[in-house]
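Novice: Kindly generate the corresponding structure for this input.
(3 chains)
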Amino acid sequence: MTDGAACAVTDLLSEARSGDRAAFAGLVRRHQRAVYSLALRMLWDQHKAEDLAQDVFMQLYRKLAHMQSDAHVASWLRKVTTHLAIDRLRQEPRYELVPLEADPGVPAEPAGGDPLLQRRLRALLAQLPPPARAVLLLRYQEDLDPVEIASTLDMPVNTVKSHLKRSLSSLREQLGEGFESAAAPEGGPIT
Amino acid sequence: MKVRPRIPVLVLASLALLPVARAADGQLTLPDFKELEGKASESVNITLDSSLIALATRFLDAGKPNDAAVRQAIGGVRGIYVRNFTFDTNFAYPKEEVDQVRKQLSLPDWQPLVHVHSQKDHNDVDIYVCIEQGKASGLAIIASEPRQFTIVNIVGSIDLQKLHALEGSFGIPKVSLEDKK
Amino acid sequence: MTIDLEKQLRDALRPAAPPEGFAERIAARIEAVRLRRRRLSPPFVWVPAALAASLVLGFVALHQWELRREQQQGLQARRELIEALRVTGEKLDLAYRGVSDASRPANPDDAGT
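Specialist: Numbering: from 1, shown residues only, chains lettered A, B, ... in the order given. Coordinates of the predicted model:
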C-alpha cells in the first residue's frame, strides 16, 4: 500500500470513529469480501453467512473506538468471524450433511486453472471439522502464518500445525495421486 | 479366534495416564460417513472438543462419586470423538470411508496396541495409541461387529484405570480380565 | 503431472463477493439502531420510571435466558460425555473379552498341561 493509500485508510477509520456513516460504509466495503468469504466457507450457506457477516460488522460498529489501525480492524474481523462461525456450527444439528452439489463459495475473481478441481477442494474443505476448516481458510484464503492463525483462533501453534498437516494429508488422500505440496516438491514442474 | 496383541493387554492399563505432550496430534480427521449413516437404523455422533469437555466438566457433580470418577478419568483429555452406527441387518461396510481413517492410523505416530478378530462372533476390534516424544497423545478404537460399527478417537490421554473404575455406572460395561466360566 | 495442492487451495479460496446490497443492508441496520437510541433518549434527561423498570426487567430476563441456555448446553455436553465414555468402555470390553477368550485353552482338559 502506498503512503497515500495508507493515509486514506487511516482517515477512513478515524472518520468512522467520529461517527461518519459514509466512512464506516467505506470500512465495510473494504473488508466485506474477507469477512463474507470466511463466513461462507465456514458455514457453507449464503443466508447464514450473510447473517453472520452482518452481525460481525454490527459488532465492529459498536467497538470502533477500540480500533487502532486498519490492520487491527482486519485481524479483529477475522477473529470474530471465525469464532462466531465455529460457535454457530456447534449449535447446529450434528447430522446435518454438507450439500456438496451446491458451491456457494465461488470466488468473485477466479484465478484461472481447473474450476472443477477448485470446487471439489472447497467442498472437501467444508467437510473438515470446524477448527481444521478455520485453520485452512486462515492459511490459504487469508494468507496468515501459523503463529497468526494461532493468535486468531486462540489455539496453540502446534495445534495449528497439526491441523494443517492432517488436513492437507487428508485432502491429498481424497483427491488421489498427483498432488504434492510446494514444501516437498517432487516430480518436477507442473506441465 | 485370532488375537495379535502387540503389547500385552495389561499394559493398556499401565498406559493409563502419561503426561500429555504439548503437540496436539492424536486427533483423527473423521469423514462424514455419509454412506454408513444412510444405511444405519441408529447413529451416534459425538464431537466434544476441549471447550465442550470443559463445559461438561463444570456440570459434573464433584459430590457424587461417579461424576468425580468421570472427572478423574478425563483429566488429560482434550477431545472425544465418537461415530457409532447400528444396522438392522448384518451389513458389509463400505471400505472407502473406513479406509480413510485406517490410512491415518498407518502414519508413524500411531502404533497398534491390540488387534482382536473373532471368527465366531465376526467381530474385529483394533486399538491404536498415538505416541509423540514418548508420550501418549491419543487413542483410537475401530470396532466392527455384524450390526454395529464404531470409531472412537480420544485426544490427549484418558485414564483407563479410572475408566475401569466406572464399570457398572452410567451403563459402562464391566471389563474383566478374569476367565469367564 | 504433479499438482501443487497449496497453490490450488489458494486459487480455490480467493474471496467471494457478498450478495448485492450487503453494505447498504448494514448501513440500514445501523440507522435503525440509531433511530431506536434516539427514541429512547428524549431531549430531557428524565426517564419514566415504568420504562426504566421494564429495561431492567428486560436485562434480567435476558441474563436468565443466557444462564438457562448455558445450563442446557452444559447438561447436553455432560450427557454426550457420558455416552462417549459408555461407548468407549463397551468397545474396550469387546477387546478385553476377545483377548480373554483367546487366552483360555480350547480344551479344558488341556488346562495346566
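Novice: any idea how far B:Ser137 is from C:Ala61?
Specialist: Distance, B:Ser137 to C:Ala61, using C-beta to C-beta, to the nearest Å: 45 Å. To be clear about C-beta, it is placed using only N, CA and C from the backbone, and glycine gets the same treatment.
Novice: So if I had to pick from the two, which one is more boxed in?
Specialist: Using other C-beta atoms under 10 Å in any protein chain shown, the more surrounded residue of B:Ser137 and C:Ala61 is B:Ser137, with 27 against 10.
Novice: Assumed the more buried one was part of a strand.
Specialist: Yes - judged by DSSP: H, G, I helix; E, B strand; the rest coil, B:Ser137 forms part of a strand.
Novice: Disregarding flanking residues, what is the spatial nearest neighbour of it?
Specialist: Once flanking residues are discounted, B:Ser137 sits nearest to B:Gly26: 3.6 Å by C-beta to C-beta, 6 or more residues apart in numbering or on different chains.
Novice: Relative to C:Ala50, how far out is the one you found?
Specialist: Distance, B:Gly26 to C:Ala50, using C-beta to C-beta: 58 Å.
Novice: so who does A:Leu64 touch?
Specialist: Applying C-beta atoms under 8 Å, 6 or more residues apart in numbering or on different chains to A:Leu64 gives the contacts A:13, A:16-17, A:24.
Novice: quick one: pLDDT of it?
Specialist: Looking at A:Leu64, its pLDDT reads 89.
Novice: Kindly report the same for the one 3 residues further on.
Specialist: According to the per-residue confidence, A:Met67 scores 89 in pLDDT.
Novice: Kindly report the same for the one 4 residues further on.
Specialist: In this model, A:Ala71 is scored at 91, pLDDT.
Novice: do the same with A:Glu101
Specialist: pLDDT, A:Glu101: 50.
Novice: on that earlier part again, in PyMOL, select just the buried ones from the contacts of A:Leu64.
Specialist: In PyMOL, this line selects whichever of the contacts of A:Leu64 come out buried by 16 or more other C-beta atoms under 10 Å in any protein chain shown:
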select buried, chain A and resi 13+16+24
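Novice: A helix includes the residue nearest to B:Ser137, no?
Specialist: No - per three-state DSSP, B:Gly26 lies outside any helix segment and is coil.
Novice: quick one, what contacts it?
Specialist: Neighbouring residues of B:Gly26 by C-beta under 8 Å, 6+ apart: B:109, B:130, B:132, B:136-139, B:154-156.
Novice: What about those, which one has the most neighbours?
Specialist: The member of the contacts of B:Gly26 surrounded by the most neighbours (other C-beta under 10 Å) is B:Ile154, with 30 neighbours in all.
Novice: Pull up the per-residue confidence for that one.
Specialist: pLDDT, B:Ile154: 94.
Novice: okay but it is in contact with B:Ile80, surely?
Specialist: Yes - counting by C-beta atoms under 8 Å, B:Ile154 touches B:Ile80, with 5.5 Å between them.
Novice: Quickly list what's touching both of those two.
Specialist: Taking C-beta under 8 Å, 6+ apart as the criterion, B:Ile154 and B:Ile80 both touch C:Thr88.
Novice: now the contacts of A:Leu64 in CSV, with secondary structure?
Specialist: Converted to CSV, the contacts of A:Leu64 look like this (three-state DSSP):
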residue, secondary structure
A:Leu13, helix
A:Ala16, helix
A:Arg17, helix
A:Phe24, helix
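Novice: ok, and of the contacts of A:Leu64, which contact chain C?
Specialist: The subset of these within reach of chain C, by C-beta under 8 Å from any C-beta of the partner chain, is A:Phe24.
Novice: In contact with A:Arg62, which residues?
Specialist: If you count contacts by C-beta under 8 Å, 6+ apart, A:Arg62 has none.
Novice: Apply 10 Å and report the result again.
Specialist: Contact analysis of A:Arg62 by C-beta atoms under 10 Å, 6 or more residues apart in numbering or on different chains lists C:30, C:33.
Novice: C:Gly74 too?
Specialist: Shown in contact with C:Gly74 (C-beta under 10 Å, 6+ apart): B:52, B:54-60.
Novice: Quick check: closest non-adjacent residue to it.
Specialist: If the residues on either side of it in the chain are set aside, C:Gly74 comes closest to B:Phe59, at 4.1 Å by C-beta to C-beta, 6+ apart.
Novice: Look at the one you found and say how many residues are nearby.
Specialist: Neighbours of B:Phe59 (other C-beta under 10 Å): 17.
Novice: Kindly report the same for the one 3 residues further on.
Specialist: The burial metric for B:Ala62, expressed as a neighbour count using other C-beta under 10 Å, is 9.
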